[in-house]
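Novice: okay, here's the prediction I keep looking at, along with the sequence it came from:
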Amino acid sequence: MLPESDPLHHLTAPERPATLDLAAIRARHTALLLRRLWEGDRARVDLAQELGLSRSAISSIVSELLAVGLVQELGTRSGSRSGRRATMLTLNARAAALLAVDLGASHARVDLLDLRCRTLATRTVPHDILSGPAATYGLLARLCGLVLAEAGVAGSEVALVGVGVPGPVDYATGRVVQPPNMPGWDGENVGEALRTALGYGVLVDNDANLGALAEARFGAHRGASDLIYVKAATGIGAGILLGGRLHRGMRGGAGEIGHISINERGPVGRSGNPGSLESYAAAQVLTVLATELRVGRESALPAVPTLADLTRLSASDAVAREVWQTAGHHVGVAISTVLNLFNPSAVVIGGRLALAGEVFLDAVRGSALARTLRINAGDVRLSLTTLGENVGVLGAGAMLLGHLLTPAGLPHLYAVSALRASVQPGLAAKIGAAAPVLAASVALGTLLVAGPATSPASRSTGPPGTGALAGPAPPPAVSS
């Protein structure tokens, strides 16, 4: 063996065993257990079998989760052996709340969700993204106050805020990067600004990415590990799920399908690229096309049709039908590139263009599959979203769960749940007697929710860890 002073010492030195971090292992097991309970109610014996842990290990984790209020006991079921009855466990969906923000080119929506992403209160208002960041943040703060007040939920019960925006996002920082459809927002750190405005930890991502998360967790293709979600509206983008993980690329710019050139000599769209998909099939382009096609033809469309007119008449008006067949053809050309690159099991189309229904989808299918290799086209399912207008807030909720139900997110989830449980009769004593990990989490929660406020400059700009979650108390609820 070479001496330690030799630069190559590490090549000949015996390998030292890695330190066994029992706390990290326990946190991982706790996160896995909570994910199973999110999927459905289970007994302790079920969890032990599914996770490959001993019953004593499961009981220890469950006792801690019961104490903090994240898990509740239900009734019993008859056991399959010896007639013993097993107590069923359920995730307490009201242990913490989530704020989900869906920000579009022409609307803003805020939902207050429970931990199963069920809506407790919602507000949607028209909003022009071109009005700029300051006006948008003020509006979102008011909407958050309104949904909290409507649901009767205290600000301290909110774990995190998730935001979807219609442009490229550097996920690590929450900063918008050169958004073609959001003039005035380039370089804007949406995550940091909303942490300052709301006082909560914030995660921000592109709206198409959140659509992919929503479809994989809640949609018709629930559980799909290789799925593409295409949001087609004022802009056109794609969320790419590969191997069960969202593929964002190096900085978060993956999936900008709207800027793929489908005709290198075509018209220049908002991105400046000639012949981009958006220059042929974005919502504002389709209304211009309809106006041109309507000249000299019988049509129920008004002289200056809107996208709503086109979707309403998609199946009954010849001009509208031609518009959607043309749009579907172009979208299908771009989707064929995605199919040949990624070979997904499903492609789901959402956004306002999806409201055109089957006439649009049929054109997409025909164009895409005709240009896709058989190995990539054979079993793929191309469909319209079944989640409707809820896809944005469900995607934001899915993103937040994806953080909270991990070892990194557990301490904050514990803290919020424990703080809520501590004011409920019968639970305060249990919290005081909980395991050391829980006690540390409660202490962390006291610091994060009620502790000293930090200046905006001192806060983390990354995904919520201790620094990103620190901040002032939430703003008071706003009455309507």
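Specialist: Done, it's in. Numbers count the residues shown, from 1 in each chain.

Novice: shaky segments in the stretch 101-250 of the chain?
Specialist: Within the stretch 101-250 of the chain, no stretch has pLDDT under 70.

Novice: all helices of it, in order?
Specialist: In the stretch 101-250 of the chain, the helices defined using DSSP state H, counting those that start in this stretch lie at 133-151, 190-198, 207-218.

Novice: what's the most buried one of those?
Specialist: helix 207-218 (a mean of 27; mean count of other Cβ atoms under 10 Å). Every residue, glycine included, has its C-beta placed from N, CA and C.

Novice: and residue 62, that one's in a helix?
Specialist: Yes: applying DSSP: H, G, I helix; E, B strand; the rest coil, one finds residue 62 inside a helix.

Novice: hang on, the earlier thing: which one of the helices of the stretch 101-250 of the chain lies nearest to residue 39?
Specialist: With Cβ to Cβ, the closest approach to residue 39 among the helices of the stretch 101-250 of the chain belongs to helix 207-218: 10.2 Å.

Novice: list the helices and strands the closest one packs on?
Specialist: Helix 207-218 is packed against strand 158-165, strand 227-232, strand 236-242, strand 245-246, strand 346-350, helix 391-404, with contacts defined by 3 or more Cβ pairs under 8 Å, 6 or more residues apart in numbering; DSSP states H and E.

Novice: next, the angle from the first one to helix 391-404.
Specialist: Just to be clear, that refers to strand 158-165. If you take axes from the mean of the first three to the mean of the last three Cα atoms, to 10 degrees, strand 158-165 sits at 130 degrees to helix 391-404.

Novice: surely residue 74 touches residue 92?
Specialist: No: look at residue 74 against residue 92 with Cβ atoms under 8 Å: they stay out of range, at 10.8 Å.

Novice: these two - which one has more neighbours?
Specialist: residue 92 (20 against 11; other Cβ atoms under 10 Å).

Novice: need phi/psi at the more buried one.
Specialist: phi -80, psi 100 (degrees, to the nearest 10).

Novice: surely it meets residue 70?
Specialist: Yes: look at residue 92 against residue 70 with Cβ under 8 Å: they come within range, at 5.7 Å.

Novice: mutual contacts of these two, please.
Specialist: Common neighbours of residue 92 and residue 70, using Cβ atoms under 8 Å, 6 or more residues apart in numbering, are residue 417.

Novice: what's the most buried one of the helices and strands packed on helix 207-218?
Specialist: Mean neighbour count (mean count of other Cβ under 10 Å) peaks for strand 227-232 among the helices and strands packed on helix 207-218, with a mean of 30.

Novice: got a list of contacts for that one?
Specialist: The contact list for strand 227-232 (Cβ under 8 Å, 6+ apart) reads 207-208, 211-212, 214-216, 221, 236-241, 257, 281-283, 331, 335, 338, 342, 344-354, 385.

Novice: and that strand, which strands flank it?
Specialist: strand 236-242 (antiparallel), strand 346-350 (parallel) (DSSP bridges).

Novice: out of those, nearest to residue 267?
Specialist: strand 236-242 (14.8 Å).

Novice: can you show me the CA trace of that closest one as PDB?
Specialist: Extracted in PDB, the C-alpha atoms of strand 236-242 (Å, rounded to 0.1, in the frame of the first residue of the first chain):
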ATOM      1  CA  ILE A 236     -47.200  25.200 -26.800                       C
ATOM      2  CA  GLY A 237     -45.000  23.200 -24.500                       C
ATOM      3  CA  ALA A 238     -44.400  19.700 -23.300                       C
ATOM      4  CA  GLY A 239     -43.700  18.000 -20.000                       C
ATOM      5  CA  ILE A 240     -41.500  14.900 -20.300                       C
ATOM      6  CA  LEU A 241     -41.700  12.100 -17.800                       C
ATOM      7  CA  LEU A 242     -39.100   9.400 -18.400                       C
END
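
Novice: who's in contact with it?
Specialist: Taking Cβ under 8 Å, 6+ apart as the rule, strand 236-242 contacts 166, 206-213, 216, 224-231, 246-247, 254-258, 277-278, 281-282, 331, 334, 338, 342, 344, 351.

Novice: pretty sure residue 420 is touching residue 69, no?
Specialist: Yes: the pair formed by residue 420 and residue 69 meets the contact definition of Cβ under 8 Å, at 6.3 Å.

Novice: find residues that contact each of these two.
Specialist: Taking Cβ under 8 Å, 6+ apart as the criterion, residue 420 and residue 69 both touch residue 95.

Novice: which among the strands paired with strand 227-232 is found nearest to residue 42?
Specialist: Using Cβ to Cβ, the strands paired with strand 227-232 put strand 236-242 closest to residue 42, at 26.0 Å.

Novice: now the closest one and helix 207-218, what's the angle there?
Specialist: 50 degrees.

Novice: low pLDDT regions in the stretch 251-400 of the chain?
Specialist: Regions of the stretch 251-400 of the chain meeting the criterion pLDDT under 70 cover residues 271.

Novice: what are the boundaries of the strands in it?
Specialist: In the stretch 251-400 of the chain, the strands defined using DSSP state E, counting those that start in this stretch lie at 346-350, 381-384.

Novice: any chance of those strands in JSON lines with distance to residue 308 as columns?
Specialist: Converted to JSON lines, the strands of the stretch 251-400 of the chain look like this (distance: least, Cβ to Cβ, whole Å):
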{"stretch": "strand 346-350", "distance to residue 308": "17"}
{"stretch": "strand 381-384", "distance to residue 308": "17"}
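
Novice: quick one: which of the ones you listed is nearest residue 102?
Specialist: Residue 102 lies closest to strand 346-350 among the strands of the stretch 251-400 of the chain, at 11.7 Å (Cβ to Cβ).

Novice: pull the residues that contact the closest one.
Specialist: With Cβ under 8 Å, 6+ apart as the criterion, strand 346-350 contacts 211, 215, 219-221, 224, 226-232, 331, 335, 338-339, 360-361, 364, 368, 380-385, 387, 391.

Novice: if you set the cut-off to 7 Å instead, what comes out?
Specialist: Strand 346-350 is touched from outside by 211, 215, 219, 221, 224, 227-232, 335, 361, 364, 380-385, 391, with contacts defined as Cβ atoms under 7 Å, 6 or more residues apart in numbering.

Novice: ditto for stretch 299-318
Specialist: By Cβ under 7 Å, 6+ apart, the residues outside stretch 299-318 that reach it are 283, 286-287, 290-291, 294, 319-321, 323-324, 352, 355-357, 359-360.

Novice: next step: the residues you listed restricted to helices.
Specialist: 283, 286-287, 290-291, 294, 319-321, 323-324, 359-360 (DSSP state H).

Novice: in TSV: these, plus distance to residue 104 and neighbour count.
Specialist: Converted to TSV, those look like this (distance: Cβ to Cβ, whole Å; neighbours: other Cβ atoms under 10 Å):
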residue	distance to residue 104	neighbour count
283	11	22
286	17	24
287	17	18
290	22	26
291	24	16
294	27	22
319	27	21
320	23	26
321	26	18
323	22	30
324	21	27
359	24	18
360	19	29
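
Novice: going by distance to residue 49, which of the residues you listed wins?
Specialist: Residue 49 has its nearest neighbour among these in residue 360, at 46.3 Å by Cβ to Cβ.
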